[in-house]
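Colleague: predicted model follows, preceded by the sequence.
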Amino acid sequence: MAESEKPHISSGLEGVYITESSICKVAGQQGRLYYRGYPIGALSKNSNFEEVTYLLLLGRLPTSAELAGFKSQLADARDLPKGVVDIIKEMSGKSHPMDILRTATSSLSAYDPEVADPSPEANLRKSIRIISKMSSIVATIGRINSGGSYVTPDKSMSHEENFLYMLNAKKPDKRQVDIMRDMFIIHAEHSSNASTFGTMVAGSTLADIYSAITAGISVLKGPLHGGADEAALKMMKAIGNPDNTESYIESALAGKQKIMGFGHRVYKAYDPRAKIIKEYLVSLQPDSSEEVKNYTAIALRAEKMMLDKLSTSHGIWPNVDFFAGPVYVAAGIAPELFTPIFAASRSSGWCAHMIEYWQNNKLFRPLEAYTGKLDLEYVPIDKRQ
Ligand code: COA
């Protein structure tokens with residue numbers, strides 16, 4: 001294209017394909033999601049986080065022996081170096097858990113002897129360590145924030161069971177474990193969303209995988225992306241009484257505010273993850289606390305109103321973040337840990353994308369259409385007006 005021609009700008013890279021990938025398919029118009037070809041519903045019903053991580057990283061479901069070996073590799077990597085726990089202690093109470101997670105994950109590179117080895121084998125081993133330790137970091141942030149001290153991981157437990165054990169210093173009950181298993185699977189991957197793209201941009205410079213994952217955490221933090229789960233629960237808390245739901249949403253929309261947990265760049269149908277989480281939330285009701293029941297009532301009324309007003313007319317549907325908050329509350333998770341848990345789960349997808357992209361790496365370097373002046377005369381500082 002000649003320099004003088006006006007380039008086409010796809011704002012926010014909307015509709016732009018950046019690479020080929022066999023990891024994840026988001027069928028936005030149909031509201032379907034597949035990891036390596038498997039529908040998310042089948043995985044959330046039948047699988048577990050370790051198996052899903054194997055699938056994402058290695059491209060196929062494992063045999064029993066392979067899964068057992070992979071589970072023990074993940075479990076062996078759970079313990080955190082003292083220096084990382086010290087960073088968490090130092091930042092606790094001063095920074096949001098996402099900021100602590102970002103710094104603590106970055107610091108893990110200091111303890112990894114393979115940090116500078118770019119071979120695919122080393123990147124797979126590093127991925128396993130990162131995925132395992134990010135959950136330990138999030139659990140430790142929660143533990144230290146609530147006044148406790150570091151809990152040594154238990155290798156005999158599953159990934160999500162150990163997460164809850166490190167968070168609460170006690171063996172979790174089955175209901176909590178089931179909730180976390182579902183949430184870890186549902187959040188594990190979602191193609192080239194903003195944080196995965198951020199991860200890939202950092203990795204495409206051939207920076208190491210710790211740098212890439214740290215970039216992913218930074219991108220996930222914002223309320224337009226992963227931070228929407230905490231923001232949606234904050235809104236439900238502000239609504240307070242279910243009877244206030246409609247007037248709250250009405251005035252937020254009239255004030256041109258976005259309702260967190262709704263809308264998506266790719267889904268123009270009901271997000272299948274939101275459907276699963278909603279069904280799960282409703283199934284929890286009979287045994288839920290009054291707090292969870294109240295949040296659920298608000299969430300269902302807000303959903304109905306948003307569907308009536310904006311779904312078919314504007315393509316704005318509930319997304320993964322809307323019903324997540326009340327489900328986490330049912331598992332006893334504090335709101336400030338929602339997005340860090342999302343990050344710990346998504347580390348599987350981030351690592352899978354990095355490993356795949358590095359097989360045929362190309363530096364990301366887009367263009368911008370310059371709108372400023374050219375060839376201005378440099379005026380010495382004492383002559384400027
Ligand atoms: N509530 C109300 N209106 C919304 C909305 C929401 N959650 N999401 C989008 N819209 C409206 C916008 O205000 C805009 O309206 P306009 O054309 O009149 O200005 C229109 O829909 C397009 O939104 P835009 O933000 O430009 O589209 P996008 O593709 O960039 O948006 C999101 C995708 C996710 C950033 C957006 O839907 C959003 O901010 N949602 C809330 C945050 C959230 O839940 N994020 C998690 C995503 S998994």
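Modeller: Received the coordinates, thanks.
Colleague: got the residues of this structure near the ligand?
Modeller: The chain has residues 12, 224-225, 228, 258-265, 314, 316, 319-321 near the ligand, with proximity defined as C-beta under 6 Å from any ligand atom. Where C-beta positions appear, they are placed from N, C-alpha and C, glycine not excepted.
Colleague: count of neighbours near the closest residue to H96 other than its chain neighbours?
Modeller: Take H96 and drop its neighbours on the chain: the residue closest to it by C-beta to C-beta, 6 or more residues apart in numbering is E336, 6.4 Å away. Counted by other C-beta atoms under 10 Å, the residues lying close to E336 total 15.
Colleague: and the gap between E336 and F323?
Modeller: 18 Å (C-beta to C-beta, to the nearest Å).
Colleague: now do I213
Modeller: 27 Å.
Colleague: and what of T205?
Modeller: 37 Å.
Colleague: over to T199?
Modeller: Note on T199: its distance to F323, by C-beta to C-beta, is 26 Å.
Colleague: show me what contacts whichever residue of the stretch 51-200 of the chain sits closest to the ligand?
Modeller: Per C-beta to the nearest ligand atom, N193 is where the stretch 51-200 of the chain lies closest to the ligand, at 7.6 Å. Each residue near N193 by C-beta atoms under 8 Å, 6 or more residues apart in numbering is listed here: H225.
Colleague: what's in contact with the helix or strand encompassing S195?
Modeller: Taking DSSP states H and E as the criterion, S195 maps to helix 194-204. Here helix 194-204 makes contact (C-beta under 8 Å, 6+ apart) with 13, 18-19, 190, 192, 209, 211-220, 222, 224-226, 343, 346, 349-350, 353-354, 357-358, 361-364.
Colleague: residue ranges with poor pLDDT in this structure?
Modeller: Scanning the chain for pLDDT under 70 picks out the ranges 1-4.
Colleague: change it to 90
Modeller: Across the chain, residues meeting the criterion (pLDDT under 90) sit at 1-6, 285-287, 312, 385.
Colleague: mind listing the strands in it by residue range?
Modeller: Read by DSSP state E, the chain holds these strands, from start to end of the chain: 24-27, 32-35, 38-39.
Colleague: next, the angle helix 194-204 makes with the top helix by length along the chain.
Modeller: Assignment by DSSP state H gives helix 120-145 as the longest helix of the chain. With axes from the mean of the first three to the mean of the last three C-alpha atoms, to 10 degrees as the criterion, the two stretches helix 120-145 and helix 194-204 enclose an angle of 130 degrees.
Colleague: what helices and strands are in contact with helix 120-145?
Modeller: Helix 120-145 makes packing contacts with helix 49-58, helix 64-76, helix 82-91, helix 97-107, helix 159-168, helix 209-220, helix 338-358 when contacts are defined by 3 or more C-beta pairs under 8 Å, 6 or more residues apart in numbering; DSSP states H and E.
Colleague: tell me which of these sits most buried.
Modeller: Comparing the helices and strands packed on helix 120-145 by mean neighbour count (mean count of other C-beta atoms under 10 Å), helix 338-358 ranks first with a mean of 26.
Colleague: could you say what helices and strands that helix packs with?
Modeller: The contact analysis (3+ C-beta pairs under 8 Å, 6+ apart) places helix 338-358 against helix 49-58, helix 97-107, helix 120-145, helix 174-186, helix 194-204, helix 209-220, helix 228-239, helix 324-330.
Colleague: for N168, which of those helices is the nearest?
Modeller: For the helices and strands packed on helix 338-358, distance to N168 was read as C-beta to C-beta. The smallest value, 7.6 Å, belongs to helix 120-145.
Colleague: could you give the angle of that closest one to helix 174-186?
Modeller: The directions of helix 120-145 and helix 174-186 differ by 140 degrees, with the same axes, to 10 degrees as the criterion.
Colleague: buried ones in helix 120-145?
Modeller: Of the residues in helix 120-145, 122-123, 125-145 count as buried by neighbour count, 16 or more other C-beta atoms under 10 Å.
Colleague: stretch 196-208 now?
Modeller: Of the residues in stretch 196-208, those buried by neighbour count under the rule 16+ other C-beta under 10 Å are T196, F197, G198, T199, M200, V201, A202, G203, S204, D208.
Colleague: burial count for E5?
Modeller: Going by other C-beta under 10 Å, the residues that sit close to E5 add up to 7.
Colleague: what subset of the residues of the chain next to the ligand is buried?
Modeller: For the residues of the chain next to the ligand, buried by 16+ other C-beta under 10 Å: H225, A228, I259, M260, G261, F262, G263, H264, I316, N319, V320, D321.
Colleague: backbone dihedrals for the nearest residue to L310 once chain neighbours are set aside, please?
Modeller: For L310, the nearest residue in space outside its immediate sequence neighbours is I316; the separation is 4.0 Å by C-beta to C-beta, 6+ apart. Per-residue torsions, I316: phi -110, psi 110 (degrees, to the nearest 10).
Colleague: who are the contact partners of I316?
Modeller: Applying C-beta under 8 Å, 6+ apart, one finds that I316 lies in contact with F262, G263, M306, L310.
Colleague: isn't the last one up against K268?
Modeller: Spelled out, that is L310. No - between L310 and K268 no contact is recorded; they are 11.6 Å apart, counting by C-beta atoms under 8 Å.
Colleague: contacts only, for the residue in the stretch 201-350 of the chain that the ligand sits nearest to.
Modeller: Among residues of the stretch 201-350 of the chain, the one nearest the ligand by C-beta to the nearest ligand atom turns out to be G263. It sits 2.2 Å away. Under the criterion of C-beta under 8 Å, 6+ apart, the neighbours of G263 are I316, W317, N319.
Colleague: cool, R181 as well?
Modeller: N48, F49, S158, E160.
Colleague: if we go to 10 Å?
Modeller: Counting by C-beta atoms under 10 Å, 6 or more residues apart in numbering, R181 touches S44, S47, N48, F49, V52, S158, H159, E160, E161, F163.
Colleague: what's around the third one, how many residues?
Modeller: Counted with other C-beta under 10 Å, the burial measure for N48 works out to 18 neighbours.
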